[in-house]
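>>> sequence and computational prediction follow.
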Amino acid sequence: MANLKAIRVRLSSVKSTRQITSAMKMVAAAKLRRAQDAIVQLRPYADKLNEIQKGLSAALRDTEIENIYAERKKGNGRVLLIVITSNKGLCGAFNANVIRETRRIMSEKYREHSRRGDLAVITIGKKAYDTLRKLKCNIVADHSDLYSGLTFDRVSSLADRLMQLYITGEYDTIEMVYNQFRNAAVQKLTDEVFLPVSMAAPESRAVVTADYIYEPDQVAIVSELIPKTLRTKLYRALLDSFAAEHGARMTAMHQATDNATELIRDLTLQYNKARQASITNQLLEVVSGAEALNG
Amino acid sequence: MKIEIITPDRNIYSGEVRSVRVPGRKGSFQVLKDHAPIISTLDAGPVIIADDQGAEIRFEITGGVIEVKRNRIILLADSVTQG
């Protein structure tokens, strides 16, 4: 039987752990709400922008548009991966999932590229940076500081730099790996192509009514809208990942709190048993001592 | 007619208006009731709204795109520097 003092010490340490995890759960819930609001705010802008661009691209399908963001037939085949994780841990398998997916992409989808050294990585999030650096990946930049004040302007300037890298022919493919936000408990691991932009015309060509006036003209509008949609795409991915992180942390901390509660129950039971046993022992000693004296 | 001014971060303005003046790529233009459908990219400059009371509201945008269709105006601004 474990001694009383040891159980007491253990009990108090589990109790304080539970206090911490339940506080973290509440903090994560509050942050999650704010992160979700940001996604909701972005949605009308992103949806409308996509609608206009898709409509225009569909109308322009037959006419050849000069599109520097389109797929290149001949290129150097270099690939850039943008790996988005969180800066902080304690959020379950959130970061591990992204890193596992990244490694899978490197060893399967772009196996040849990574062997030739034609695969580079940009990390957003300290967890990705730390882990991938240890794995000796070719990290060309780290933008973990984006999380301190996640605004559209700051994300835009990164998106602009990525577009520049694509246009100058530095890379032929840019892909993002991140957790998409589904709901507080569910994240969807996503591998999404950032560039090239597919000009895939939607089936619903009838969406575009020909009676619009275009200023300056359709081609100019489309080529101006593409960078805007790309910025929005990156911003959305980051907001998604940010919200997903807090969701994952909330779930993980909820679980931890439940486990601590369970442990406390068991320990309390053990403690009481030990206490009763020691009282019984003492009583026995007193009684048998008295009996020995009485003879 | 109705207008919505949206940036990626938030909804700046929405409501009934009498007229809107925007900094179009080919020069500033004004949208009044029953304007023909138009899609235009916008330069940096002022957006001037006359609301249904006739009061003037002014925003400075850094660029964007506007769509007008059946008395519904949607202005997607990159960012609004002053409201």
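Happy to help now that I have it.

>>> over in chain B, which residue gets nearest chain A? Let me know.
Proximity of chain B to chain A (C-beta to the nearest C-beta) peaks at B:Ser40, 3.8 Å away. Where C-beta positions appear, they are placed from N, C-alpha and C, glycine not excepted.

>>> and that residue, how far is that from B:Met1?
16 Å (C-beta to C-beta, to the nearest Å).

>>> between those two, which has more neighbouring residues?
B:Ser40 (22 against 18; other C-beta atoms under 10 Å in any protein chain shown).

>>> what strand or helix carries that one?
If you go by DSSP states H and E, B:Ser40 is part of strand B:38-42.

>>> for whatever helix or strand comes next after that strand, packing partners?
For strand B:38-42, the succeeding helix or strand toward the C-terminus, using DSSP H and E, is strand B:45-51. Under the contact definition 3 or more C-beta pairs under 8 Å, 6 or more residues apart in numbering or on different chains; DSSP states H and E, strand B:45-51 sits against strand B:11-24, strand B:56-61.

>>> tell me which residues of the first one come out buried.
Along strand B:11-24, these residues count as buried under the neighbour rule (16 or more other C-beta atoms under 10 Å in any protein chain shown): B:Ile12, B:Tyr13, B:Val17, B:Ser19, B:Val20, B:Arg21, B:Val22, B:Pro23, B:Gly24.

>>> close to chain A: what parts of chain B are there?
When proximity is defined by C-beta under 8 Å from any C-beta of the partner chain, chain B lies next to chain A at B:4, B:6-11, B:24-26, B:36-41, B:65, B:67, B:69, B:74, B:76, B:78-79.

>>> could you pull out the strands for chain A?
Under the criterion DSSP state E, chain A contains strands at A:79-84, A:119-124, A:139-142, A:173-183, A:186-195, A:213-215.

>>> circling back: whichever of the residues of chain B next to chain A end up buried, select them in ChimeraX.
Selecting only the buried entries of the residues of chain B next to chain A in ChimeraX, with 16+ other C-beta under 10 Å as the criterion:
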select /B:4,6,7,8,9,24,25,38,39,40,41,65,67,74,76,78,79
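
>>> chain B: which of the strands of chain A is closest?
Closest to chain B of the strands of chain A is strand A:213-215 (C-beta to the nearest C-beta; 3.8 Å).

>>> what's in contact with the closest one?
For strand A:213-215, the external contacting residues (C-beta atoms under 8 Å, 6 or more residues apart in numbering or on different chains) are A:Ile221, B:Gly24, B:Arg25, B:Lys26, B:Ala36, B:Pro37, B:Ile38, B:Ile39, B:Ser40, B:Thr41.

>>> and with 6 Å instead?
A:Ile221, B:Gly24, B:Arg25, B:Lys26, B:Ala36, B:Ile38, B:Ile39, B:Ser40 (C-beta atoms under 6 Å, 6 or more residues apart in numbering or on different chains).

>>> which of these are the two that sit furthest away from each other?
The span of those, defined through C-beta to C-beta, is set by B:Arg25 and B:Ala36 at 17.0 Å.

>>> residue nearest the centroid of chain A?
Centre of chain A computed as the mean C-alpha position; nearest residue by C-alpha atoms, centre = their mean is A:Ser241, 3.5 Å away.

>>> low-confidence ranges, chain B, go.
Low-confidence segments of chain B (pLDDT under 70): B:83.

>>> 90 - rerun?
Applying pLDDT under 90 to chain B flags residues B:9-11, B:25-27, B:52, B:54, B:79, B:81-83.

>>> show me what counts as buried in stretch A:68-86.
Neighbour-count burial for stretch A:68-86 [16+ other C-beta under 10 Å]: A:Tyr69, A:Arg78, A:Val79, A:Leu80, A:Leu81, A:Ile82, A:Val83, A:Ile84, A:Thr85, A:Ser86.

>>> wait, isn't the second one in contact with A:Gly169?
No. With contacts counted by C-beta atoms under 6 Å, A:Arg78 stays clear of A:Gly169, the gap being 8.8 Å.

>>> before we move on, back to that, so how many other residues sit close to the closest residue to the residue of chain B closest to chain A other than its chain neighbours?
Closest residue to B:Ser40 apart from its sequence neighbours, by C-beta to C-beta, 6 or more residues apart in numbering or on different chains: A:Glu215 at 3.8 Å. Residues lying near A:Glu215 (other C-beta under 10 Å) number 19.

>>> okay, A:Glu215 and B:Gln30: tell me how far apart.
Using C-beta to C-beta, we find A:Glu215 at a distance of 13 Å from B:Gln30.

>>> what's the answer for B:Asn11, then?
From B:Asn11 to B:Gln30 the distance is 23 Å (C-beta to C-beta).

>>> what do you get for A:Leu4?
Distance of A:Leu4 to B:Gln30, computed by C-beta to C-beta: 84 Å.

>>> and what about the residue nearest the centre of chain B, helix, strand or coil?
Nearest to the geometric centre of chain B sits B:Leu75, at 5.0 Å (C-alpha atoms, centre = their mean). Counting by DSSP: H, G, I helix; E, B strand; the rest coil, the backbone at B:Leu75 sits in strand.

>>> so who does it touch?
For B:Leu75, the contacting residues are B:Ile5, B:Ile66, by C-beta under 6 Å, 6+ apart.

>>> go again using 8 Å as the cut-off
B:Ile3, B:Glu4, B:Ile5, B:Ile6, B:Val20, B:Val22, B:Leu42, B:Val47, B:Ile61, B:Gly64, B:Val65, B:Ile66.

>>> show me what contacts the fourth one?
Okay, so that is B:Ile6. By C-beta under 8 Å, 6+ apart, the contact set of B:Ile6 is A:Pro44, A:Tyr45, A:Lys48, B:Ile12, B:Ile74, B:Leu75, B:Leu76, B:Ala77.

>>> I'm done for today, thanks for sticking with me.
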